[in-house]
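1. My questions are about this predicted structure, shown below with the sequence.
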Amino acid sequence: MLLLSACQNKTQPEYLKTESSSPANETSIQAETSSSATDQSLPQVNSYSNKAIKFNYPADWTSEKNPAEDISYVNFFDSKSGSDPVFWYSRGEAWLTDFNRTAEDYKALLSESYSDVVITDLSKTTIDGNEAIKLVFQYKADDVEYTMTQYETVVGPVSFQFNCTYKSDLSNDYENILDSIISSIEFTG
């Protein structure tokens, strides 16, 4: 799953830019004002949901549902990200997530798609009570340093992945937003 998201970030295939109206991929997006303590950095949020998951994201972001054959993506954009998603959620088969990869394993895998990879964090965590991996790494593209934070978890037969990519000098802006998104996740299916 990591390699797929690594490749997606560099060049986004056309199939990722279309929406599906398949009932299996039905989603709901609702605007709401958040007042919970975990969402304080997201004063105005939208809520994304489908049959498997729901979570909150900033109201000034836009989203695009992008189903693929084996992996379904939903991309989220903000005013700073332009045509590249700042956050994306994907799901695929559970075997795509490996809880035993080391930082060296990730670096080797990522170096196939990114330049100057530096792993800054690899830790175990939980998402909605499920074991998860948090990976943070930096890379360079067009002489600009980027940071990607990726969370992966498995729920039943499904691997869920959440990625946030931003210019490294904007880390303070995005770390709190990402923390709020991740803490709002509920697996529903």
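-> In hand now; what should we look at?
2. wait, doesn't S49 sit right on I185?
-> No. Counting by C-beta atoms under 8 Å, S49 stays clear of I185, with 10.6 Å between them. (Glycine included, C-beta is placed from N, CA and C.)
3. Between these two, tell me which one has more neighbours.
-> Neighbours per residue (other C-beta atoms under 10 Å) separate S49 from I185, with I185 holding more: 21 against 16.
4. list the buried ones in the host helix or strand of S49?
-> Taking DSSP states H and E as the definition, S49 sits inside strand 44-50. Using 16 or more other C-beta atoms under 10 Å as the test for burial, strand 44-50 gives V45, N46, S47, Y48, S49, N50.
5. Quick check: bridge partners of the first one?
-> V45 has these beta-bridge partners by DSSP bridges: E32, P58.
6. if I look at it, how far off is T188?
-> Remark: distance between V45 and T188 (C-beta to C-beta, to the nearest Å) = 17 Å.
7. returning to that earlier point: now the strand holding S49, how far from the chain's geometric center?
-> 14 Å (C-alpha atoms, centre = their mean, to the nearest Å).
8. After the longest helix seen in the chain, which helix or strand is next?
-> The longest helix of the chain (DSSP state H) is helix 171-184. Using DSSP H and E, the next helix or strand after helix 171-184 towards the C-terminus is strand 186-187.
9. What is that following strand packed up against?
-> strand 53-58 (3 or more C-beta pairs under 8 Å, 6 or more residues apart in numbering; DSSP states H and E).
10. by how many degrees do the strand it packs on and strand 44-50 diverge?
-> Here strand 53-58 runs at an angle of 160 degrees relative to strand 44-50 (axes from the mean of the first three to the mean of the last three C-alpha atoms, to 10 degrees).
11. Alpha carbons of strand 53-58, in CSV - could you do that?
-> What follows is strand 53-58, C-alpha atoms only, in CSV (Å, rounded to 0.1, in the frame of the first residue of the first chain):
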residue,chain,number,x,y,z
ILE,A,53,-15.5,4.6,8.0
LYS,A,54,-16.3,8.2,9.0
PHE,A,55,-14.0,11.1,9.9
ASN,A,56,-13.9,14.9,10.1
TYR,A,57,-11.7,17.1,7.9
PRO,A,58,-11.4,20.9,7.6
